[in-house]
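Trainee: Give me the fold of what follows.
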Amino acid sequence: MTQTKFIRDRQQLKGVDAAAFGAEITRRYLAKGWTRHRFRTHADLSVAMLYQYEIGLCKPRLPLAYWIARCLDTTVRDIIAGANAAYKAGCIPVADKNRFGMRLRIHRKLNGLTTQELADKARLPYYIINRCERGFRARQITPAVVQQLAHILGVSAEILTRPVEKPITP
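Mentor: You can find the predicted model right below:
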């Protein structure tokens, strides 16, 4: 690979919307007939990293983008083009309607906690944490409980609950 191609790919990757990039990766591995687990094990990605890419919590980095493209038998430019087309068409699917639950799961796993351990530390029944992570509403999750969970996970409550920002068009 030439240096100019690498620089051009890096510039294109900087301009792509993170959620669109994640949605395009998801669309491509589902088109191959793969499950999330099969793709994750094939690409040797951690659960947290794949979730972060799928819901657009982190910007894609070029070395990882090359690796993902290679695992999907495509190029980074094709993934970027698909992501930009989906973004411009306004059809970026939300990977999970429950952003709070997804963020709670990501930060729990990043802290190396099981659902049961988090529930014990928060003095909540296991099923409440489990239902929140799976997208069900739980009446027991009050702002005070969100604050307590954020404190246990070492993040601010805003990180767990903030609305999705409007992405900037490339």
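
Trainee: now the residue nearest the centre of the chain: how far from Pro60?
Mentor: Closest to where the C-alpha atoms of the chain average out (CA atoms, centre = their mean) is Gln52, at 2.4 Å. For Gln52, the distance to Pro60 equals 10 Å [CB to CB, to the nearest Å]. The way it works is simple: take the backbone N, C-alpha and C, and place the C-beta from them, glycine included.

Trainee: And for Thr74?
Mentor: Counting by CB to CB - Thr74 and Pro60 are separated by 14 Å.

Trainee: what's the helix or strand for Arg105?
Mentor: helix 99-110 (DSSP states H and E).

Trainee: show me the contacts for Ile106.
Mentor: Ala48, Tyr51, Gln52, Leu57 (CB atoms under 8 Å, 6 or more residues apart in numbering).

Trainee: I figured the second one was touching Met102, is that so?
Mentor: Yes: in this structure, Tyr51 sits in contact with Met102. The criterion is CB atoms under 8 Å, and the distance is 6.4 Å.

Trainee: still on that earlier bit, make a ChimeraX selection of whichever of the contacts of Ile106 turn out to be buried.
Mentor: In ChimeraX, this line selects whichever of the contacts of Ile106 come out buried by 16 or more other CB atoms under 10 Å:
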select :51,52,57
